[in-house]
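Q: 3D model of this:
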Amino acid sequence: MAGMRRRPGRLVALGAAALVIAADQISKDWAQANLAINQRITVIPGWLSFQRTENSGAAFSFLTGHNELFILITAALLVLVGFLILGGLAPDRLTVVALGLILGGGLSNLFDRVRLSAVVDFVRFAFWPTIFNLADLAIRAGAVVVVLAVLLRQTRRGHLDRPVR
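A: Alright, predicted model coming up:
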C-alpha cells in the first residue's frame with residue numbers, strides 16, 4: 001500500500017519535468033527564431049529584457065568550452081535525481097515535485113548541450129548578473145524547495161534546535 005501512495009508522486013514529478021522541458025524548449029525555439037545572438041528586446045523597461053546568448057559553460061560562463069564535461073556531469077546528476085524520484089526515495093510529495101523541476105530543467109539544458117554544444121539563454125533581469133532560461137529557473141526553484149523541505153522536516157523533528165558540536 002505504501003508503494004501505491006508513492007506512485008502518484010512519481011507521476012507528478014515526471015509531469016512537472018515534462019512541463020518544464022516543453023516550456024523551456026518552446027521558449028528557446030522562440031528566442032532562436034526571433035533574436036539574433038546578443039540582440040536585446042526590452043520587455044519591461046528597467047526590469048526585464050530578452051537577450052539571446054549561447055553558453056557552452058555554466059553560470060557566469062564558467063568553464064566555457066568544456067561542453068563534454070558538462071554533458072557527463074549533468075547526465076550523472078540526472079541519473080541520481082531520476083533514481084530518487086523513481087525509487088520512491090524522496091520523503092514527501094513537495095520534494096518529489098521539486099526533484100521533477102530539477103529533472104526537467106536538467107534534461108532540457110542537456111538536450112541543448114547535445115544538440116547545439118551550448119545552452120540557449122535569453123532571460124535577462126536588470127537586477128540579476130546572468131542571462132538564463134526557464135530550465136535554469138526550474139532547477140533553481142527546485143533546489144530551493146528541496147532545501148526548504150529538508151529544513152522544514154529537520155525543524156519538525158527538532159534537529160535544528162540542537163547545538164552543533
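
Q: CA atoms for contacts and neighbours, from now on please.
A: Will do.

Q: got a list of what the residue nearest the centre of the chain touches?
A: Residue closest to the mean C-alpha point of the chain, counted by C-alpha atoms, centre = their mean, is residue 139 at 1.9 Å. Going by C-alpha atoms under 8 Å, 6 or more residues apart in numbering, residue 139 touches 101, 102, 103, 104, 105, 106.

Q: For residue 98, see how far away it is.
A: From residue 139 across to residue 98, the span is 8 Å (C-alpha to C-alpha, to the nearest Å).

Q: if you skip the residues just before and after it, what's nearest to the residue nearest to the centre of the chain?
A: residue 102 (4.3 Å; C-alpha to C-alpha, 6 or more residues apart in numbering).

Q: ok, which stretches of the chain are strands?
A: 40-44, 48-55, 119-125 (DSSP state E).

Q: Compare these and give me the one nearest residue 22.
A: Smallest distance to residue 22 across these (C-alpha to C-alpha): 14.3 Å, for strand 119-125.

Q: what's in contact with that closest one?
A: Residues contacting strand 119-125 (C-alpha under 8 Å, 6+ apart): 28, 31, 47-56, 109-110, 112-113, 130-134.

Q: Put the alpha carbons of that strand into CSV.
A: This file holds the C-alpha atoms of strand 119-125, laid out as CSV (Å, rounded to 0.1, in the frame of the first residue of the first chain):
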residue,chain,number,x,y,z
VAL,A,119,22.7,26.1,-23.8
VAL,A,120,20.4,28.8,-25.2
ASP,A,121,19.9,31.6,-22.6
PHE,A,122,17.7,34.6,-23.2
VAL,A,123,16.0,35.9,-20.0
ARG,A,124,17.7,38.9,-18.5
PHE,A,125,16.6,40.7,-15.3
